[in-house]
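Asks: sequence first, then the predicted structure, then my questions.
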Number of protein chains: 2
Amino acid sequence: MVRIALDLMSGDRAPEEILEGALLSKNLCQLVVIGTKSVLEKIDGVEKIEVEDFLPMDVKPMEILHRKTSSMYVGLKLVKEKLVDAFVCAGNTGALLAGATFVVGRMEGVERPALAVPVPSTNGFAILIDAGANARVRPEHLLDFAIMGLAYAKVLGKDKPKLGLLNVGEEENKGDEVTKEAYKLLKELFPDFFIGNVEGHDINAGKVDVVVADGFSGNVAMKTMEGTAKMILQTLKEKIENSGIIAKLGALLMKKVFLQLKTTLDPRTYGGAFILGIDGIVVKAHGSSDRVAIKNAIEVAVRGCKMKLVENIKEEIKRVRNSGACGGNKDSRSDRST
Amino acid sequence: MVRIALDLMSGDRAPEEILEGALLSKNLCQLVVIGTKSVLEKIDGVEKIEVEDFLPMDVKPMEILHRKTSSMYVGLKLVKEKLVDAFVCAGNTGALLAGATFVVGRMEGVERPALAVPVPSTNGFAILIDAGANARVRPEHLLDFAIMGLAYAKVLGKDKPKLGLLNVGEEENKGDEVTKEAYKLLKELFPDFFIGNVEGHDINAGKVDVVVADGFSGNVAMKTMEGTAKMILQTLKEKIENSGIIAKLGALLMKKVFLQLKTTLDPRTYGGAFILGIDGIVVKAHGSSDRVAIKNAIEVAVRGCKMKLVENIKEEIKRVRNSGACGGNKDSRSDRST
């Protein structure tokens, strides 16, 4: 059975909702929960690791490296030492990224780990990578993101995922030097998967399964989706409140449909985002995760382990490197590198 | 009365819907329509200018400079020569931007004209600038965008607009070198307006009136909003179709509310985007504009003329330059400039 570590102390709704999430997930895997003494007392029937420290949500990312007795650090260390198969954490994204990169360590051949997030689309979901780990990138980083995103899509059940490059227009010559060069690399290396540039309105439209982006625009896209969905649901609510009895009755009859819609749009539904490009499995649950979101994140982690996500990415990285592509070449330059 | 030129030949639904839009707008201003002979025959009661050529929607942007008998070029030339107060066009964005920059010409003190788009928000709308004219920018360009966006917001009736910088996190040190430097400039120059960094989910949330962004992430944000809104409406429709008679009845009773929601979310509702930073008023109507969208765009142009948008921006640019800020300094450098 897959062994998964869970940080009970991190997340907007920690520890209560994370504890409840752990209870819901007991049968999914061999669970190892990490928390302070008083929190651990509230749960039974799982393996427990006691820590003295934990990181607040507004911590500075690099602080993770100095707080070696924190729940997040301990979880990452368990992955590093292969004492668990994966670690699930709803804590500060920057800290978890920094910790994953420096404690667990980068995968051989990958320069920049990235955050891969499933977002809703009309045909289920699409994977957005990078959703915020690297503000600026070089073309070969985008190539690595493509390799990792495709492997992730396959783990989630897409046999022949369609790959797109996030850009400001569809044509090959759109964007800046980084996207133009990345377009060439992706076309050359993934002729069977790459469908070309995609724009913001394509992400949710079901025409693409993996969207590759620099972490700045990927993050903007991800958060804009959340904001737009929230605004629409709120506007709908207000319009119903300000309308007559007939529309109000209509809304009542549609309650079930609205609940379904809300679930589809809720980022927590999709459980967790993988930090890909590190030598182990770390799942970032949404900061506002409740018990169900935690359970979903643990399920995602279990699937990643069972489908050998890390091994698949390693093999694919090797294949692409051996094909002679420039990925990973630290000498290539671009005006966007930082 | 304000004199507005309208390109009858550009737009996905040209010339029919543009013609109808012209008819709806006859009384709003002194209208000058530009079209080929056969199209001009279909309209009466307005001033007409006959052209031989027009640009298709998929034209390469720079081609505008070589097609001097096209409807778009002629419209821009009318603005340049002050023969009209503004020009409204639903054609190819890149071509209109290039034409506005090189035919009408840049405003003194502005290096990079930008596209300013009103997007829906819970308190009406927010202005997103730049929505796609400049893929990469320097910090002082973002400062210019802020000046122009604030002036635009005032024209649209916001007395004390709240200004935000699009970024990947709220803290001052988030993002890359460009956003960090821009943060400092905006804080220094607009202490009464600048509320700090905003993230993708803040754009529609009503906490900000003007969102400043580089044209790459601004374009991604704008199009992601459109895509998410479309996905939500489609998902809602599907869920209703797949549900029982009760929910279907509910939807019927809510028809009016849904129509209102659709209107709120439709980019055509907001009429037009200004190309700001040029020495004249050019309004880009949405490519898919129908007659109502054209009328809205003409209304926006009329308001821009009456409120002296160009003059206001010029004065504000002068004020900021005289305050000793680095805006417009072509020697300052950044790794993101192209």
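Replies: Now that the structure is in, tell me what you want to look at. Source: prediction; values computed, not measured.

Asks: around chain B, pick out the residues from the stretch 51-200 of chain A.
Replies: Taking CB under 8 Å from any CB of the partner chain as the measure of proximity, the stretch 51-200 of chain A contacts chain B at A:94, A:120-122, A:132, A:135-136, A:166, A:168-169, A:175-177, A:199-200. C-beta: built from backbone N, CA, C; applies to glycine.

Asks: tell me, how many residues neighbour the closest residue to residue A:77 other than its chain neighbours?
Replies: In space, and not counting its chain neighbours, residue A:77 is closest to residue A:103: 6.1 Å by CB to CB, 6 or more residues apart in numbering or on different chains. Residue A:103: 23 surrounding residues under other CB atoms under 10 Å in any protein chain shown.

Asks: quick one: contacts for residue A:103?
Replies: Counting by CB atoms under 8 Å, 6 or more residues apart in numbering or on different chains, residue A:103 touches A:64, A:65, A:73, A:76, A:77, A:79, A:80.

Asks: repeat for residue A:37
Replies: Counting by CB under 8 Å, 6+ apart, residue A:37 has contacts residue A:50.

Asks: ok, now residue A:252?
Replies: residue B:250.

Asks: which residues of the stretch 201-338 of chain A score low on pLDDT?
Replies: Counting by pLDDT under 70, the stretch 201-338 of chain A shows low-confidence ranges at A:267-268, A:270-271, A:324-338.

Asks: quick check: bridge partners of the residue nearest the centre of chain A?
Replies: Of all residues in chain A, the one closest to the mean position by CA atoms, centre = their mean is residue A:273, 1.9 Å from it. For residue A:273, the beta-bridge partners are residue A:284 (DSSP bridges).

Asks: can you give me the strands in chain A?
Replies: Assigned by DSSP state E, chain A shows strands spanning A:3-7, A:30-35, A:47-50, A:86-89, A:114-121, A:124-129, A:163-166, A:194-198, A:210-212, A:272-276, A:281-285.

Asks: got the buried residues for the second one?
Replies: Just to be clear, that refers to strand A:30-35. A:31, A:32, A:33, A:34, A:35 (16 or more other CB atoms under 10 Å in any protein chain shown).

Asks: in these, find the pair that's most separated.
Replies: Spatial extent of the buried residues of strand A:30-35 (CB to CB) is set by the pair A:31 and A:35 at 12.1 Å.

Asks: where's residue A:18 relative to chain B, distance?
Replies: 23 Å (CB to the nearest CB, to the nearest Å).

Asks: brain fart, residue A:195
Replies: 16 Å.

Asks: over to residue A:124?
Replies: For residue A:124, the distance to chain B - CB to the nearest CB - is 11 Å.

Asks: beta partners for that residue?
Replies: For residue A:124, the beta-bridge partners under DSSP bridges are residue A:121.

Asks: distance-wise, check it relative to residue A:262.
Replies: 17 Å (CB to CB, to the nearest Å).

Asks: ok, now residue A:278?
Replies: 33 Å.

Asks: please apply the same query to residue A:282.
Replies: Where residue A:262 is concerned, residue A:282 sits at a distance of 28 Å (CB to CB).

Asks: equivalent analysis for residue A:106, please.
Replies: Where residue A:262 is concerned, residue A:106 sits at a distance of 38 Å (CB to CB).

Asks: settle it for me: which of these two has more neighbours?
Replies: Set residue A:106 next to residue A:262 and count neighbours by other CB under 10 Å: residue A:106 wins out with 15 against 12.

Asks: I'd guessed the more buried one sits against residue A:113; true?
Replies: Yes - counting by CB atoms under 8 Å, residue A:106 touches residue A:113, with 6.2 Å between them.

Asks: give me the common contacts of these two.
Replies: A:277, A:278.

Asks: surely residue A:301 is in contact with residue A:272?
Replies: Yes - in this structure, residue A:301 is within contact of residue A:272 by CB under 8 Å, at 6.8 Å.

Asks: now do the shared contacts for the two.
Replies: Joint contacts of residue A:301 and residue A:272 (CB under 8 Å, 6+ apart) are A:88, A:283.

Asks: what's the end-to-end length of stretch A:280-289?
Replies: Its first and final residues considered, stretch A:280-289 spans 22 Å by CA to CA, to the nearest Å.

Asks: buried residues in it?
Replies: Those would be A:280, A:281, A:282, A:283, A:284, A:285, A:286, A:287, A:289, for stretch A:280-289 by 16+ other CB under 10 Å.

Asks: partner residues bridging residue A:3?
Replies: Under the criterion used (DSSP bridges), residue A:3 bridges to residue A:30.

Asks: I'd guessed it sits against residue A:32; true?
Replies: Yes - in this structure residue A:3 lies within contact range of residue A:32 using CB under 8 Å: 6.4 Å.

Asks: common neighbours of the two, please.
Replies: Residues touching both residue A:3 and residue A:32 (CB under 8 Å, 6+ apart) are residue A:84.

Asks: pLDDT at the residue nearest to residue A:77, what is it?
Replies: With respect to pLDDT, residue A:103 has a value of 97.

Asks: what of the one 4 residues further on?
Replies: In this prediction, residue A:107 carries a pLDDT score of 94.

Asks: burial count for it?
Replies: Using other CB under 10 Å: residue A:107 sits among 19 other residues.

Asks: from what I see, it and residue A:312 are in contact.
Replies: No - applying CB under 8 Å, one finds residue A:107 not in contact with residue A:312, separated by 11.2 Å.

Asks: ok, now how distant is the closest residue to residue A:272 other than its chain neighbours from chain B?
Replies: The shortest distance from residue A:272 to any non-neighbouring residue, by CB to CB, 6+ apart, is to residue A:297 (3.5 Å). Applying CB to the nearest CB, the value for residue A:297 to chain B is 20 Å.

Asks: what's residue A:297 in contact with, if anything?
Replies: A:21, A:88, A:90, A:271, A:272, A:283, A:285, A:289.

Asks: okay, now residue A:57: neighbour count?
Replies: 14.

Asks: got a list of what it touches?
Replies: A:10, A:11, A:12, A:91, A:92, A:287.

Asks: switch the residues you listed over to JSON lines; also include distance to residue A:195.
Replies: Output for those, formatted as JSON lines (distance: CB to CB, whole Å):
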{"residue": "A:10", "distance to residue A:195": "37"}
{"residue": "A:11", "distance to residue A:195": "36"}
{"residue": "A:12", "distance to residue A:195": "37"}
{"residue": "A:91", "distance to residue A:195": "35"}
{"residue": "A:92", "distance to residue A:195": "35"}
{"residue": "A:287", "distance to residue A:195": "32"}
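
Asks: least confident of these?
Replies: Among these, residue A:287 has the weakest pLDDT, 86.

Asks: from residue A:284, how far out is the closest residue to that one other than its chain neighbours?
Replies: Among residues not flanking residue A:287 along the chain, residue A:12 sits closest, at 5.2 Å (CB to CB, 6+ apart). From residue A:12 over to residue A:284 the distance is 13 Å, taken as CB to CB.

Asks: now do the shared contacts for the two.
Replies: With CB under 8 Å, 6+ apart, residue A:12 and residue A:284 have common neighbours residue A:90.

Asks: residue contacts, the closest residue to residue A:261 other than its chain neighbours?
Replies: Once flanking residues are discounted, residue A:261 sits nearest to residue B:236: 5.7 Å by CB to CB, 6+ apart. Shown in contact with residue B:236 (CB under 8 Å, 6+ apart): A:257, A:261, B:258.

Asks: now residue A:5
Replies: Contact analysis of residue A:5 by CB under 8 Å, 6+ apart lists A:32, A:33, A:34, A:49, A:75, A:78, A:79, A:84, A:86, A:87, A:88.

Asks: separation between residue A:120 and residue A:264?
Replies: From residue A:120 to residue A:264 the distance is 6 Å (CB to CB).

Asks: I am finished for the moment; much appreciated.
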